[in-house]
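S.K.: My questions concern the predicted model and sequence given below.
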Amino acid sequence: MNKQNFNYFIGIDISKKFFDVAIIENDRTTSYVFENTKKGTNAFIRLLKNQKIPLDNTLICMEHTGVYGKLIITKLVEKQANFCVEMPIQITKSIGLQRGKNDKVDAKRIAFYASKNYPELELYKPIAEVLEKMKILLKIRKKLVNTRADINKYPNELERFSPEIGKLARKNLKRINKNLEDEIKRIEAEIKKLILSDDKLNKTVGLVTSVTGIGQITALHLTVFTNFFTRYDNPKQLACYSGVVPFEYTSGSSIHRKSRIHPMANRTLKKHLHMSALAAINHDPDIRAYFLRKVEEGKNKMLIVNNVRNKLVHRVCAVIKRQQPYVKNIA
């Protein structure tokens, strides 16, 4: 980001009903509160206009708050404002030890974070509308699948200790299970329909699923979370974000812990890539040979599976970069 661009820095702390605003101009900070509504977002833009704060040399920063930030983000995109959406833990750790907390103070801290770190921050890139819709459908599908799993867990546990009671529970849950199955199939049909409605999405999913082991749902999650694979500079970054890169944890001669995945990784992508890795081990000859060779060498199986997840990420990035489907090696 150009270091000479911004004369004003604005921090926004968003809650369900309100959003607090802190504006830094030179060394002076002013604070305001607006309703988290369309009327409130319009009032915020009007405030900037009245105070002659131009959007072209103002950097606005806010925390990622999911749906709570939807209205203000939509308005800022419409006004072509320069703004960034950061993970809360990133801001908290950057600021260091702090005492006390309220929305007004948090807005000031976010504005200070922006003024301090703006050369390294990345401006927000709007996600395509088709991906916004896909994101919602994927979330609904996930909730339905999780609900089905939770419901089926109950009779399974009962049957272990009381087969008759477990059978009774399963009988009475049969209709609910059928309804959930039907709804999951309906959502999956909507997902396929949406894929076919957009040429770019259809082509991207086709490329990603050409990699053995990567299914349609995994391909869609990768596409949505990376905004058509634009939110990373190289495969290593995507692998790290997807939670398939273990980090060393050692200090001096006394602390030597096992390498672990960083907790800030995307757990949803990690889960889907894990299932894809298991599928690739069963169906891709090269990966299966690699897996068996490493097992014979005495390597930990979960470590090998994680290496396979990493390989899949690199293969996906390769097909997206070349815009050509993955081609298996033929012996």
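M.R.: Perfect, thanks for sending it.

S.K.: quick one: the residue most central in space within the chain and residue 213, what's the gap?
M.R.: With distances taken as C-alpha atoms, centre = their mean, the residue of the chain nearest its centroid is residue 225 (4.8 Å). Applying C-beta to C-beta, to the nearest Å, the value for residue 225 to residue 213 is 18 Å. For glycine as for every other residue, the C-beta is placed from the backbone atoms N, C-alpha and C.

S.K.: can you check residue 224 too?
M.R.: 19 Å.

S.K.: for residue 180, same thing?
M.R.: For residue 180 relative to residue 213 (C-beta to C-beta), the value is 27 Å.

S.K.: Repeat that for residue 137.
M.R.: 23 Å.

S.K.: Which parts of the stretch 151-300 of the chain are helices?
M.R.: Secondary structure of the stretch 151-300 of the chain (DSSP state H, counting those that start in this stretch): helices at 163-197, 199-209, 216-225, 235-241, 267-283, 285-296.

S.K.: sorry, back to before: the more surrounded of residue 137 and residue 213?
M.R.: A direct count of neighbours by other C-beta atoms under 10 Å for residue 137 and residue 213 places residue 213 higher, at 23 against 17.

S.K.: neighbours of the closest residue to that one other than its chain neighbours, just the number please.
M.R.: Once flanking residues are discounted, residue 213 sits nearest to residue 280: 3.0 Å by C-beta to C-beta, 6 or more residues apart in numbering. Using other C-beta under 10 Å, the number of residues around residue 280 comes to 25.

S.K.: Quick check: pLDDT value at residue 280.
M.R.: Residue 280 carries a pLDDT value of 96.

S.K.: List the buried residues for stretch 301-312?
M.R.: 304, 305, 306, 307, 308, 309, 310, 311, 312 (16 or more other C-beta atoms under 10 Å).

S.K.: and residue 86, how many neighbours?
M.R.: 19.

S.K.: My guess is it contacts residue 65. True?
M.R.: No. With contact defined as C-beta atoms under 8 Å, residue 86 does not reach residue 65; the gap is 10.8 Å.

S.K.: Burial check on the closest residue to residue 131 other than its chain neighbours, number of neighbours?
M.R.: Spatial nearest neighbour of residue 131, chain neighbours left out: residue 224 (5.1 Å); criterion: C-beta to C-beta, 6+ apart. When neighbours are defined as other C-beta under 10 Å, residue 224 has 23 of them.

S.K.: So residue 224 sits against residue 136, correct?
M.R.: No. Residue 224 lies out of contact with residue 136 (C-beta under 8 Å); the separation is 10.0 Å.
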